[in-house]
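Colleague: How does the following fold in three dimensions:
(2 chains)
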2 protein chains.
Amino acid sequence: MSSESTDASSARAAGVRARGYARIATEEAFAPGWMLERYQSLLARRALDDPGFNSLWGFYLGSRSARATQIIARLKDLGPQRLADMDATGIDRQIISLTSPGVQVFDRASAVAMARDANDELSAAVRSHPERYAGLAAVAPQDPQAAAAEIDRGMGQLGMKGVIINSHTLGEYLDDPKYSELFAAAEAANAPIYLHPNTPSKGMIAPLLERGLDGAIYGFGVETGMHMLRIIVSGVFDRFPRLKFVLGHLGEALPFWLYRLDYMHRATVASERYPHMRPLQRQLSDYLRENVYVTTSGMPWGPAIRFCQQVLGVERVLYAMDYPYQFVAQEVTLSDQVPMSDAERRLFFQVNAERVFSL
Amino acid sequence: MSSESTDASSARAAGVRARGYARIATEEAFAPGWMLERYQSLLARRALDDPGFNSLWGFYLGSRSARATQIIARLKDLGPQRLADMDATGIDRQIISLTSPGVQVFDRASAVAMARDANDELSAAVRSHPERYAGLAAVAPQDPQAAAAEIDRGMGQLGMKGVIINSHTLGEYLDDPKYSELFAAAEAANAPIYLHPNTPSKGMIAPLLERGLDGAIYGFGVETGMHMLRIIVSGVFDRFPRLKFVLGHLGEALPFWLYRLDYMHRATVASERYPHMRPLQRQLSDYLRENVYVTTSGMPWGPAIRFCQQVLGVERVLYAMDYPYQFVAQEVTLSDQVPMSDAERRLFFQVNAERVFSL
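Modeller: This next block holds a predicted model:
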């Protein structure tokens, strides 16, 4: 089934043996050309009342900068360019997902159909390169029932290894009770949900956008960290205790806040300040340690990686590159050089990913 | 001048000698009763279009919970209760500031007058207990010129040791060029500006407030972290290179983001995505390491404290309790027990504070 030549495959296997671990990159993006055309159309028609989308995709699809044009070219490629980039940087396997915001900006019917099409396309690429790629299934949260069905189809028929959700869907968050069916399907299929950043929703972006802080520099992190907390404090993991989430960017800084999250949640619940903030079965930090995994996308930085391994556990931290948004060969070297034991390094680059995504 | 008895003073000095360091707590709050009455009036008249203020102070001034009532009682006290609490928890000295949002929610003329009154009141308490208290000057950013004058008066006549600003002022941030005079006054007086949290401004609070995440549990951090970044990326420290800021809560998680901030700022500037995001003289992490100090308010947690000492430097991390909002005797013990050398511990609890605030 593999398109990789026997020679290339053997050479890679020898490299893995010599190194002691395979490098599996877990937050790697793609975008079908037809989806980018639909984004272009949204922008041209000024159809979307989402300042974050308009800012981000207005840039990527409108700018002639090297950053924008190279990222767009690489996003669209699931073939030779991507494989060459992986070879050039020593990435053995990518876990690929539909880039943010995926189908989450379209009307319900379009989004459902586009998620299916994107998943068909990605799974075909994975079938062509089964040693090099694995895929996460995109869903349309606009239709929770269809999303649940697509999780079933993706994890079953298509051989996907999890689900990608790009934070809010037109300002709606997954703590809404209407998403129970989606969570039930993910839990039943043992499908980890990768909660990937989106630009901050319309209700929180204004002061970030004013200063160019709405994107990956800061806004992505606070949007996605908040989203994860909304899911936790609403009790989703008490209702779905075997549900697994994955966060990029070393957990969007939530590991840094563990102590304060626990203290302030306890204090706030005890004070009955918010009628809807109810006691949970565990501490907030327990959910972050037991139901959540984090990856290093965009954060190839030893001190923060070691901090997360220390406070979450070495089996909870996974390698990711964030290709093609942060495609930097030197950062692979930086990640290799983070001081850890050989056993920890094998967990970090390979074994944790194999376990979380059932590779 | 001291009201402390000779016996009590000697006993404290003996304790400091035995321990090897004095404990100086650097983010400790007070509130004059008359200011809380003005808050109450704002709430009763529904006069303020600030959902964060209305939620937070509606709670503190309306709730009968133990948390709310005890905090209000302690905020108002600058005498026996506060000193007894300090003695009970082994705090040698508090650096006291007007609680958030201070005068920053009032009309310009009222705010200017109230800042002066609050500073007169605080400086009188400091004069009564010079060994136990030091004070930061409140200002009204609503009137930058008056704020600059109050910094001069506070640092001169009143003997204050810095300035407190409680993040946004009715949605306005300090990166606005109109604050140059305020920064010039602070730099000239060698007055560190403590950028304390406020509830997220109206333009970003909606999805946080929906789930009770607007306060200290998360919203404070993202509001204040964003505010610090706005100040940095707008070039304030290139214009005022000797200006010092202090952030609580271990830097509102910005130390965790150092690598990503640098990478994404470089990439964004190079791509010319935002006309107003211009090259700076230094990397973002340089400003955070060279112009900013962080305190441990609400974060008495060894792993995060050590992480900050590692990535910022041991001379940049100061102890704070966050009295009375987080008045927990056991947390002083936790802070004492964070593994560090005797020399580092003396910097952490005492010497860094003496240097930053010129005690």
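Colleague: And the contacts of the top helix by length along chain A?
Modeller: As assigned by DSSP state H, the longest helix anywhere in chain A is helix A:108-128. Residues outside helix A:108-128 that contact it (CB atoms under 8 Å, 6 or more residues apart in numbering or on different chains): A:1, A:3, A:30, A:32, A:34-35, A:38, A:78-79, A:96, A:98, A:102-104, A:106, A:133-135, A:137-140, A:142-143, A:146-147, A:150, A:153-154, A:158-160. (C-beta placed from N, C-alpha, C; glycine too.)
Colleague: Inside helices: which ones of those residues?
Modeller: Counting by DSSP H, the contacts of helix A:108-128 contribute A:Trp34, A:Met35, A:Arg38, A:Ala146, A:Ala147, A:Glu150, A:Arg153, A:Gly154 to helices.
Colleague: how close does the residue lying closest to the first one once chain neighbours are set aside sit to A:Ala47?
Modeller: Nearest residue to A:Trp34, sequence neighbours excluded (CB to CB, 6 or more residues apart in numbering or on different chains): A:Asp117, at 7.8 Å. Noted for A:Asp117: a distance of 20 Å to A:Ala47, by CB to CB, to the nearest Å.
Colleague: Kindly report the same for A:Ala124.
Modeller: Distance from A:Ala124 to A:Ala47, by CB to CB: 30 Å.
Colleague: which residues of chain A fall in strands?
Modeller: Applying DSSP state E to chain A gives strands spanning A:24-30, A:93-98, A:133-135, A:137-138, A:163-165, A:193-195, A:245-247, A:292-295, A:317-318.
Colleague: Please produce CSV containing those strands, extended by distance to chain B and mean neighbour count.
Modeller: Shown next, in CSV, are these (distance: least, CB to the nearest CB, whole Å; neighbours: other CB atoms under 10 Å in any protein chain shown):
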stretch, distance to chain B, mean neighbour count
strand A:24-30, 13, 26
strand A:93-98, 20, 27
strand A:133-135, 25, 26
strand A:137-138, 23, 30
strand A:163-165, 16, 28
strand A:193-195, 15, 24
strand A:245-247, 13, 26
strand A:292-295, 12, 25
strand A:317-318, 14, 27
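Colleague: need those strands in a markdown table with mean pLDDT, can you?
Modeller: Below are the strands of chain A laid out as a markdown table (pLDDT from 0 to 100):
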| stretch | mean pLDDT |
| --- | --- |
| strand A:24-30 | 98 |
| strand A:93-98 | 98 |
| strand A:133-135 | 98 |
| strand A:137-138 | 98 |
| strand A:163-165 | 98 |
| strand A:193-195 | 98 |
| strand A:245-247 | 98 |
| strand A:292-295 | 98 |
| strand A:317-318 | 98 |
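Colleague: Format those strands as CSV; extra columns: distance to A:Gly62.
Modeller: Formatted as CSV, the strands of chain A follow (distance: least, CB to CB, whole Å):
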stretch, distance to A:Gly62
strand A:24-30, 19
strand A:93-98, 21
strand A:133-135, 29
strand A:137-138, 24
strand A:163-165, 25
strand A:193-195, 28
strand A:245-247, 30
strand A:292-295, 29
strand A:317-318, 34
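Colleague: A:Val338: which of the ones you listed is closest?
Modeller: For the strands of chain A, proximity to A:Val338 was assessed by CB to CB; strand A:317-318 is nearest, at 10.2 Å.
Colleague: where does chain A have low pLDDT?
Modeller: Regions of chain A meeting the criterion pLDDT under 70 cover residues A:1-4.
Colleague: run the last query once more with 90
Modeller: For chain A, residues meeting the criterion pLDDT under 90 lie at A:1-12.
Colleague: Nearest the middle, which residue of it would you pick?
Modeller: A:His196 (3.6 Å; CA atoms, centre = their mean).
Colleague: quick one: contacts for the spatially most distant residue from the centre of chain A?
Modeller: Residue farthest from the centre of chain A, counting by CA atoms, centre = their mean, is A:Ser271 at 35.0 Å. Residues near A:Ser271 by CB under 8 Å, 6+ apart: B:Phe59, B:Ser63, B:Ser65, B:Ala66, B:Arg67, B:Ala68.
Colleague: farthest pair in these?
Modeller: B:Phe59 and B:Ala66 (12.9 Å).
Colleague: more neighbours, those two?
Modeller: B:Phe59 (18 against 10; other CB atoms under 10 Å in any protein chain shown).
Colleague: Spatially nearest residue to the more buried one (excluding sequence neighbours)?
Modeller: Per CB to CB, 6+ apart, closest to B:Phe59 is A:Arg273, 4.9 Å.
Colleague: list the contacts for the one you found?
Modeller: Counting by CB under 8 Å, 6+ apart, A:Arg273 has contacts B:Phe59, B:Ser63, B:Ser65, B:Gly212, B:Gly215.
Colleague: Format those as CSV; extra columns: distance to B:Leu174.
Modeller: Shown next, in CSV, are the contacts of A:Arg273 (distance: CB to CB, whole Å):
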residue, distance to B:Leu174
B:Phe59, 27
B:Ser63, 31
B:Ser65, 33
B:Gly212, 28
B:Gly215, 22
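Colleague: Could you give the number of residues near A:Glu272?
Modeller: Neighbours of A:Glu272 (other CB under 10 Å): 15.
Colleague: Find the residue closest to it in space, skipping its chain neighbours.
Modeller: A:Glu272's closest residue in space is B:Ser65 (CB to CB, 6+ apart), at 6.3 Å.
Colleague: Just give me the neighbour total for the one you found.
Modeller: Count around B:Ser65 with other CB under 10 Å applied: 17.
Colleague: any idea how far B:Arg93 is from it?
Modeller: 30 Å.
Colleague: same check, this time on A:Asp336
Modeller: 47 Å.
Colleague: which residues of the stretch 151-300 of chain A fall in helices?
Modeller: A:180-188, A:206-209, A:219-233, A:236-239, A:249-252, A:258-271, A:284-290 (DSSP state H, counting those that start in this stretch).
Colleague: Comparing these, which comes out most buried?
Modeller: helix A:249-252 (a mean of 28; mean count of other CB atoms under 10 Å in any protein chain shown).
Colleague: That helix packs against which elements?
Modeller: Counting contacts by 3 or more CB pairs under 8 Å, 6 or more residues apart in numbering or on different chains; DSSP states H and E, helix A:249-252 packs against helix A:219-233, strand A:292-295, helix A:302-312.
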